[in-house]
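[1] following is a predicted model, sequence given first.
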Amino acid sequence: MALADIDAKRFPVQKHQKYFERHLLILPSKYQDNEPNKLAIVAYSLIGLNILGIDTSKKYQNSKAWLLKHQQCARYDGFSIAGFIPSISIHIEENPSFSLMSTLFGLWCIICLEEDGLDSYHEELDVAGICRFVSKCQSENGSFVSSFDTLASGRILASSIDPTDLRYAYAAVTILYLMGCRNTQDFGRYISVEKLMVFINAQACGSGFGQYGEPHAGLTSCALSILDMLGDQWSTLPSPFFERTIDWLLHRQVSSQGSMTLMTNSNECYDIDDHGGFQGRENKFADTCYCFWCLNSLNILQKRIETKFDRGDILSEYLLEKTQSKLLGGFAKNNENDPDLYHSCLGLAALALNSGEFDGTVFLPKRLSRRIRMEAEVGT
């Protein structure tokens, strides 16, 4: 069922709209210490509004110039790099604070504000510089850091303190995809796809991807989205692995009925209020965000392996009746917490993904991602 077809009493669109708009007008006090995450706040708000059908390119067009100020350029080792900084107010001119995450959030924002059908959004971006920045964030083992260290000599090195899990690899590949890369040859102009695949393979945990030998729904979604964008690297992992991953993902839906069951006698964290939701790891409570991560992974794998997720009805029921705030708008992590921006955006994304209206791989509504996916040329 499309979001527009859900009864207004069950899904108060106007309250959700006001919830996201408040984050773009007057930031709630609980976010005041999140200056380094400002672009994330804007991106989640704009994407959430677009899922609701709001044309943000018209409503917030005057903010585009402000967003583009976050795109900064710098020269190191005789070449220029570019990316988005997290905040203008904490920017230091001599030491640009580019990061992969800020750049990805910035690109999502620009796409949400593009008036001309996305055909010209590259024109306002330093595509070559952004791609070079991504290349500098890849480590020797194929992983990615989000930022880099600057040296007195004017050289740059990948950050020595950043984590290197699959989230940053996803950010790097998504940025390159949004810049026009479509296959290994395209991506190979900027990163070592071979090393990246070695790193991804090392994160495989028998069924799914994760760290320390334990599969994790969020990291699994990152890995599968990377494979979906690369397009031609699926054969580096055996087919039985993906079949086991589907089975593992299906068993992450917490249910008191049907074959994919997590009953109280087998899961100490089972709660009847979690029925229909997804957990991120085994023996955990359900969580709104994992509804998106698990469903996105299932959608990607279903394009390659003959299987079908057919429990979307109880997933929607969980989100609409358990974690949605019909009073304030937005979605919470679970049925006990207040709504927050992250879970609100991912809750809407899960509902839209469930109804076929969202592109989970690039994390954009399909009406925005469709033109991007049609772009065949690398814009450099």
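    That came through fine.

[2] where along the stretch 151-300 of the chain do the strands fall?
    156-158, 210-211, 214-215 (DSSP state E, counting those that start in this stretch).

[3] tell me the bridge partners for Pro365.
    Phe358 (DSSP bridges).

[4] show me the contacts for it.
    Residues near Pro365 by Cβ atoms under 8 Å, 6 or more residues apart in numbering: Ile47, Asn50, Ile51, Ala352, Glu357, Phe358, Asp359. Where you see a C-beta, it was placed from the backbone N, CA and C, and this is true even at glycine.

[5] most neighbours out of these, which is it?
    Counting neighbours by other Cβ atoms under 10 Å, Phe358 comes out on top of the contacts of Pro365 with 29 neighbours.

[6] got the contact list for that residue?
    By Cβ under 8 Å, 6+ apart, the residues touching Phe358 are Ile51, Ala349, Ala352, Leu364, Pro365, Lys366.

[7] identify the residues contacting stretch 301-321?
    Stretch 301-321 has contacts (Cβ under 8 Å, 6+ apart) with 1, 6, 10-11, 224, 234, 239, 242-243, 245-246, 249-250, 253, 255, 258, 260, 274-278, 286, 288, 291, 295, 298-299, 331, 347, 350-351, 354.

[8] are any of those buried, and which?
    By neighbour count, with 16 or more other Cβ atoms under 10 Å, those hold 6, 11, 224, 242, 245-246, 249-250, 253, 255, 274-278, 286, 288, 291, 295, 298-299, 331, 347, 350-351, 354 as buried.

[9] which stretches of this structure aren't confidently modelled?
    For the chain, the stretches flagged by pLDDT under 70 are 28, 30-32, 94, 116-120, 150-156, 256-269, 375-380.

[10] surely Gln87 touches Ala40?
    You called it Gln, but residue 87 is Ser. No: using Cβ atoms under 8 Å as the test, Ser87 is too far from Ala40 to be in contact (10.6 Å).

[11] so which helix or strand takes in Glu21?
    Element membership for Glu21, per DSSP states H and E: helix 13-25.

[12] Arg75 and Asp186, how far apart?
    25 Å (Cβ to Cβ, to the nearest Å).

[13] for Ala204, give me its contacts.
    Ala223, Leu237, Phe241.

[14] please give the number of neighbouring residues around the last one.
    This points to Phe241. When neighbours are counted by other Cβ under 10 Å, Phe241 comes out with 15.

[15] find the nearest non-adjacent residue to it, please.
    When the adjacent residues along the chain are set aside, Phe241 lies closest to Ala204, with 6.4 Å between them (Cβ to Cβ, 6 or more residues apart in numbering).

[16] helices of the stretch 251-380 of the chain, start to end?
    288-302, 312-318, 341-354, 366-374 (DSSP state H, counting those that start in this stretch).

[17] tilt between the first one and helix 341-354?
    The reference is to helix 288-302. Angular relation of helix 288-302 and helix 341-354 on a 0 to 180 degree scale: 30 degrees, by axes from the mean of the first three to the mean of the last three Cα atoms, to 10 degrees.

[18] which residues does the nearest residue to Ala169 once chain neighbours are set aside form a beta bridge with?
    What sits nearest to Ala169 in space, not counting adjacent residues and going by Cβ to Cβ, 6+ apart, is Phe144, at 5.0 Å. Taking DSSP bridges as the rule, Phe144 bridges to Gln138.

[19] what's the burial count for Phe209?
    Neighbours of Phe209 (other Cβ under 10 Å): 27.

[20] next one: the one 3 residues further on
    Here the neighbour count serves as a burial measure; for Tyr212 (other Cβ under 10 Å) it reads 6.
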